[in-house]
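**Q** Structure, please.
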Amino acid sequence: MSVETVYVGQNATKDCVVGDCQMNRYAIFNGIEYPRRIGPNMEVTRLGVQAGTTPTTAVDGGAGALAANWYAWVAVYASALHTRPVAVADGSGNYTRGNPSADSITLDVVAAHKVNVTVPALDQDGITHVLLYRSVGQANEAAAQAGPFYYVAQGLNTGVAVTIEDNVAEELIGLEVESDNYPPNAYRYAVNIDGYLFAGGGFPIGTGYTCTVTAGSSLVTADSGTPFYDGIIGWRFKCLEDTTGGTNGGGLYFANYVNSTTLQLVDGNNDPINYDGSLSGASQTFLVYLSDFALRWAKKGEPEAWPLDNIINFAGAITGLIQLPNQSLLLVCTDEPSMYVLDLNLIGTDSFKTTKSLISTEHTTSSHYSLVPVDGRVRAIDAYKGCIIETDGTGVRNISGGTVPKIFEYLSNDANDTKLWHCAYDQKQHFFGAFVTFNSAQRTIDFCVGQHTLTGSWFFNFEKDLLCTGNYTHPDTGETMILGGTEGPGNGLGGVWGRIWCPNEYADWIPSSSLRSGTITGTPTSTVIEVDTTDGTLYTDADGLIGRWVMVCDANGEYAQTGYIISNTASTITVNRVINGMDPSQFSPAPEADWKFYLGLIECRWGPKNFDFGDPDVLKKVWEVWCCVNNHNEDDPPFIRLYRGFEEGYTSQLPLSERLYLDRSENQSLVNKVDNKLEVMPRWGIAFYDRSYGPTVLHSLSIVFNALTDKKKK
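**A** Okay, here's the model as predicted:
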């Protein structure tokens, strides 16, 4: 079986994979690793082309076309695998290429001779050629070294060194060498718009770590862990307690990656410099970071080349980038907070840099991954203000504050979580979802604040684990869908992915040929359950059930707990995380014989979908519950639970009395009478449960209740 490596931000951040079919390649940015490139054959290589290495020799090659003069040569590395949209009209081809070598090799050439120039080969995947550029003939060596340099010849990048023959008369030389093909920095966020790659934002490193610095040494070592990544090239480094030394006299240095535990301090010319600050030894708090307030962009159709002039500096750190739907406008969000719009029609002119339209100083997005087009506008999560926002490029409005304003009080405020929040929109089904982190969550993203955009109705859904989402268009049917991926159980085990909000599909979560639900026969440990295999066995092919969820409950459907599966056999399931129990690492209470189990993929069928009933501090009496469903399993029907949380954290609920229907018929169990629900349930809510794996459709749910106040009005 073939193995494919998927880059996912090294379990520290998320990837931005940007590009298009015209480029025939995609770039990967995540803020910590050196940017990567996915080529046409799915090979993953470093993005960008290293600057040329100075030629080592230039020797007389015998009779040829050069005049008697001093000449100088520089080298450029290039790739015929990764091309630019338009070929250079001098014979150097449409290769993407790097900058020329910083220094040149010179030779005083005899009249009517040619020259053989040797250049070190570059050991970098995807680099296929070495391009040679020459000065015009000069009377002395210094004048030749001063350039400029023009294309004359090329050779294949093979072996240890490449020897290229220059036999080009001066009147036939090509165009001047390009010196603005800088490789990209390790920015955190990136987007592709009409062939231009835009990037910005950073991932500062240092929180939770300390380092060792030594006077007279250029090396900095981490005291523990592996905090450094290969994207650290030219980043700023500072010991937080240091106020002297460095490039600015205040303790600031530049730094390059050496390995996962070591950095080397360098100056502005990228030359190593020794630490000369006031500190010494271990346990120094530090920060290493890339300037996150700069917006950069590459040459059109050439993601390897990032001119230094292609930059706009903002006052705050960039938190998100996106194109406004159906408009040539780039939305740039910063943490000031501020939101700007740039006119893409002006790109390539000074006006593009100077004409920034400020549309908000109140709102911004707290997560680049939450920016998503919705019916001609852009929506995003603003965790700073606790709301979901929407913009058309001229103004910004809070669209959640009037209906579900309190839910953000129960979400994580840790920036390590909020910066990874994401949104998705299924246009065909009119489903919008903001995927966020509930307080005390066991996975990075576990909760959805959703809306049906046609009706404007909001809903909550406990996702348990949905780390990322993205749009996908099926190449054969043209159907657009939303794919979701989970964080996975960890310990070297990856997550699973599949379609979410999948209409009219009920049987693909677990193959129908294997057990999807049944009876528990025993619990050898508090993390392992044994199941009855009389009617079949558990799925064990292709890593089995790893990354899926199992819900257990007693014979009456109570004490529901959900465990994250890390392994299974044909008759046993092992979990390492549990939701809705008394212990997050194991089932508590432990399942017993005759308890039930249910399996699911990304979203288990038990819900819950919570609907806001207003102020949680007002006691309410439920009078009637009307529910309309069809296609449900009569032998295993759906059921409903009502919840009310206390003000203190909403970790427990008041018991609700069962009532007979008004016609005195037998009552269904509509409430859970267990006083402590163990999980945090915000505000009043209702959960609709269906554990049948059938095509159940919930059409409507109506609740009539009374507020228990002096004025008892329905």
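**Q** ok, the residue nearest to P272 when sequence neighbours are not counted - contacts?
**A** Leaving out its chain neighbours, the residue that sits closest to P272 by Cβ to Cβ, 6 or more residues apart in numbering is S218, at 4.3 Å. For every residue, glycine as well, the C-beta is placed using N, CA and C. Residues near S218 by Cβ atoms under 8 Å, 6 or more residues apart in numbering: Q264, L265, V266, P272, I273, N274, Y275.
**Q** what about F286, how many neighbours?
**A** 25 (other Cβ atoms under 10 Å).
**Q** Oops, could you answer that again for C423 instead?
**A** A count of nearby residues for C423, using other Cβ under 10 Å, gives 26.
**Q** and what of V59?
**A** 11.
**Q** and it, how far is that from W73?
**A** 12 Å (Cβ to Cβ, to the nearest Å).
**Q** Please enumerate the shared neighbours of the two.
**A** By Cβ under 8 Å, 6+ apart, the residues touching both V59 and W73 are V115.
**Q** For the chain, name the helix or strand with the lowest mean pLDDT.
**A** strand 609-610 (a mean of 40; mean pLDDT, DSSP states H and E).
**Q** so where's the protein shaky on pLDDT?
**A** 1-11, 490-494, 504-510, 601-621, 641-687, 705-714 (pLDDT under 70).
**Q** Restricted to buried residues, select the contacts of S218 in PyMOL.
**A** Selecting only the buried entries of those in PyMOL, with 16 or more other Cβ atoms under 10 Å as the criterion:
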select buried, resi 264+265+266+273+275
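**Q** Throw the contacts of S218 into TSV and include distance to E362 and secondary structure, thanks.
**A** Shown next, in TSV, are the contacts of S218 (distance: Cβ to Cβ, whole Å; DSSP: H, G, I helix; E, B strand; the rest coil):
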residue	distance to E362	secondary structure
Q264	43	strand
L265	41	strand
V266	41	strand
P272	46	strand
I273	44	coil
N274	47	coil
Y275	43	coil
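**Q** among the contacts of S218, which two are most distant?
**A** The two members of these with the most space between them (Cβ to Cβ) are V266 and Y275, at 11.5 Å.
**Q** Which neighbours do those two have in common?
**A** Contacts common to V266 and Y275, judged by Cβ under 8 Å, 6+ apart, are S218, Y253.
**Q** Which parts of the stretch 451-600 of the chain are helices?
**A** Here the stretch 451-600 of the chain has no helices by DSSP state H, counting those that start in this stretch.
**Q** Please, where are all the strands along it?
**A** 457-462, 468-473, 480-485, 497-500, 517-525, 528-531, 549-553, 561-568, 572-579, 596-600 (DSSP state E, counting those that start in this stretch).
**Q** Need the ones you listed in TSV (columns: mean neighbour count).
**A** Shown next, in TSV, are those (neighbours: other Cβ atoms under 10 Å):
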stretch	mean neighbour count
strand 457-462	18
strand 468-473	16
strand 480-485	19
strand 497-500	18
strand 517-525	16
strand 528-531	22
strand 549-553	24
strand 561-568	22
strand 572-579	21
strand 596-600	21
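**Q** Pipe these into JSON lines and attach distance to S101 per row.
**A** Output for the strands of the stretch 451-600 of the chain, formatted as JSON lines (distance: least, Cβ to Cβ, whole Å):
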{"stretch": "strand 457-462", "distance to S101": "57"}
{"stretch": "strand 468-473", "distance to S101": "41"}
{"stretch": "strand 480-485", "distance to S101": "43"}
{"stretch": "strand 497-500", "distance to S101": "44"}
{"stretch": "strand 517-525", "distance to S101": "64"}
{"stretch": "strand 528-531", "distance to S101": "62"}
{"stretch": "strand 549-553", "distance to S101": "56"}
{"stretch": "strand 561-568", "distance to S101": "52"}
{"stretch": "strand 572-579", "distance to S101": "53"}
{"stretch": "strand 596-600", "distance to S101": "58"}
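**Q** Quick check: which of these is nearest to L346?
**A** With Cβ to Cβ as the measure, strand 468-473 is the member of these nearest L346 (28.1 Å).
**Q** What is the burial count for V213?
**A** 23.
**Q** could you measure it against I32, distance?
**A** 22 Å.
**Q** before we move on, what about G195?
**A** Distance from G195 to I32, by Cβ to Cβ: 26 Å.
**Q** Looking at those two now, which is surrounded by more residues?
**A** Relative neighbour count places I32 above the other of G195 and I32, with 21 against 16, counting by other Cβ under 10 Å.
**Q** Surely that one and G231 touch.
**A** Yes. Counting by Cβ atoms under 8 Å, I32 touches G231, with 5.2 Å between them.
**Q** List the residues that contact the closest residue to G522 other than its chain neighbours.
**A** When the adjacent residues along the chain are set aside, G522 lies closest to E530, with 4.3 Å between them (Cβ to Cβ, 6+ apart). Neighbour list for E530: I520, T521, G522, T523, P524, S571, T572 [criterion: Cβ under 8 Å, 6+ apart].
**Q** cool, and I482?
**A** A424, Y425, D426, F431, T469, G470, N471, Y472, R499, I500, W501.
**Q** hmm, try it at 6 Å
**A** When contacts are counted by Cβ atoms under 6 Å, 6 or more residues apart in numbering, I482 touches A424, D426, T469, I500, W501.
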